[in-house]
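Asker: fold the following.
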Amino acid sequence: MKVQEIHRTTGRMLVLVCDKGEEPVTAIGEALRRQHVTAGRVTAVGGFQETEIGWFDRERRDYRRIPVREQVEVLSLVGDVAARDEQPALHVHAVLGRCDGSTVGGHLLSARVWPTLEVIVTEVAPELAKRVDPETGLALIAGPGD
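Answerer: Now for the predicted structure:
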């Protein structure tokens with residue numbers, strides 16, 4: 001385990017609202033590029049009319065796709081922004097609520113917003129910026145001295 005204490009305030013906070021029919025991964029990514037955010041935390045709530053989430057398969061080093069072809073509530077969407085090739089890369093997980101009260105969750109690969117998705121992006125200190133781990137291919141927070 002690596003521990004690093006940081007004594008800085010966070011940077012900007014962006015409030016993004018995705019409209020009906022928008023693809024949120026693309027829309028949020030574009031907003032991050034326009035605002036030059038390469039390190040941040042993301043939270044959101046709202047709804048999707050269809051979604052594709054994924055579970056990371058360690059052996060394949062890729063996501064197994066899980067289609068969700070129904071209206072769902074976005075009960076929780078959390079994640080972060082990392083720099084990949086000097087561009088912001090969004091990495092978010094979603095917990096989705098179905099009409100019967102059951103849930104499904106995983107890495108958000110794509111979705112169609114309905115009726116809205118309210119997103120908060122909080123820029124973080126550069127020490128929390130992520131770097132791509134060559135072993136897994138995933139963007140991970142580097143430890144002190146990395």
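Asker: and the pLDDT at the residue nearest in space to the middle of the chain?
Answerer: In the chain, the residue lying closest to the centroid (CA atoms, centre = their mean) is Val92, at 2.1 Å. Val92 carries a pLDDT value of 96.
Asker: check contacts around it.
Answerer: For Val92, the contacting residues are Val25, Val42, Ala44, Leu77, Val78, Gly79, Asp80, His107, Leu108, by CB atoms under 8 Å, 6 or more residues apart in numbering. From N, CA and C alone the C-beta is placed, and that goes for glycine too.
Asker: name the nearest residue to Leu16, sequence neighbours excluded.
Answerer: Nearest residue to Leu16, sequence neighbours excluded (CB to CB, 6 or more residues apart in numbering): Val119, at 4.1 Å.
Asker: would you list the contacts of Val92 in a markdown table and tack on secondary structure, pLDDT and neighbour count?
Answerer: Shown next, in a markdown table, are these (DSSP: H, G, I helix; E, B strand; the rest coil; pLDDT from 0 to 100; neighbours: other CB atoms under 10 Å):
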| residue | secondary structure | pLDDT | neighbour count |
| --- | --- | --- | --- |
| Val25 | helix | 97 | 17 |
| Val42 | strand | 97 | 22 |
| Ala44 | strand | 98 | 23 |
| Leu77 | strand | 98 | 24 |
| Val78 | strand | 98 | 12 |
| Gly79 | strand | 95 | 19 |
| Asp80 | strand | 91 | 21 |
| His107 | strand | 97 | 18 |
| Leu108 | strand | 98 | 24 |
